[in-house]
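Peer 1: coords please:
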Amino acid sequence: MAGFSLNDFLSKVRSEDLARSNRFEVEIFGPGDAKAISILCEDASVPGLIVPYTPTKIGNWTEPRAHGIEFFGDNATFTFYCDSSWNVRDYFENWMFSCVNPISKEISFYNNTVGTVVIHALNRKDDIVKSWTLVDCLPRNISLTPLSHGNEGVARVSVSLAYKYWTPDSNGISASTVPINSAVSGVAGTPRGRRI
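Peer 2: Now for the predicted structure:
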């Protein structure tokens, strides 16, 4: 006999609900005031995690042995609705220009270029139920923004961010009080203040 019944599933969903992919918000703590940018976020992704392993032969058995952890820190993609003044695109262009001078190609100090991005999952009452903080972010790519006379839709800007690592938060606490360049504390094994 099966360990779970349909009634068990229905009871679980009715009592706790399911996470909704369209119930989220993004907070950006980069250079300048980004609140007007954050509110226009259309698409975001919860960051991934991977444990690299090496197959290790022990006697007659081959066992996977972990040898690190990776945060997929080279690619976090966000899509934003573009306002009529193109301030969304301007914001990320200027952030990238602050990382590297577009004329002289001079690179800025690391601490002056990185920010923090927090992704909040919301329930149906708009309460924050889970958050993921991307630490030491900087924009690495602004995708082409297509324009067409045959399309009356809203222009969108897609931006890819690189980050050092991310931390989870189940308490629904906003990271708005976290300084732009500080590491998030309280997670075992989290790097603190180490710059590469």
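
Peer 1: So which residues of this protein form strands?
Peer 2: 24-29, 41-43, 53-58, 61-66, 76-81, 115-122, 128-142, 156-162, 165-169 (DSSP state E).

Peer 1: The fourth one pairs with which strands?
Peer 2: It stands for strand 61-66. strand 53-58 (antiparallel) (DSSP bridges).

Peer 1: returning to that earlier point: right, so of the strands of the chain, which gets closest to Cys99?
Peer 2: Nearest to Cys99 among the strands of the chain is strand 128-142; the distance by CB to CB comes to 5.8 Å. For every residue, glycine as well, the C-beta is placed using N, CA and C.

Peer 1: what's the single longest helix in this structure?
Peer 2: The single longest helix within the chain, with elements called by DSSP state H, is helix 87-99.

Peer 1: what about that helix, distance to the chain center?
Peer 2: 18 Å (CA atoms, centre = their mean, to the nearest Å).

Peer 1: Can you list the helices and strands that it packs against?
Peer 2: Identification of packing neighbours for helix 87-99 by 3 or more CB pairs under 8 Å, 6 or more residues apart in numbering; DSSP states H and E yields helix 35-38, strand 128-142, strand 156-162.

Peer 1: mind putting those in TSV, mean pLDDT, distance to Val114 and mean neighbour count included?
Peer 2: Shown next, in TSV, are these (pLDDT from 0 to 100; distance: least, CB to CB, whole Å; neighbours: other CB atoms under 10 Å):
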stretch	mean pLDDT	distance to Val114	mean neighbour count
helix 35-38	90	17	16
strand 128-142	93	4	20
strand 156-162	94	9	19
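
Peer 1: Reformat these as CSV; add distance to Val100.
Peer 2: As requested, the helices and strands packed on helix 87-99 are exported to CSV (distance: least, CB to CB, whole Å):
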stretch, distance to Val100
helix 35-38, 20
strand 128-142, 10
strand 156-162, 13
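
Peer 1: Those: which one's closest to Asn75?
Peer 2: Per CB to CB, nearest to Asn75 of those: strand 156-162, 5.5 Å.
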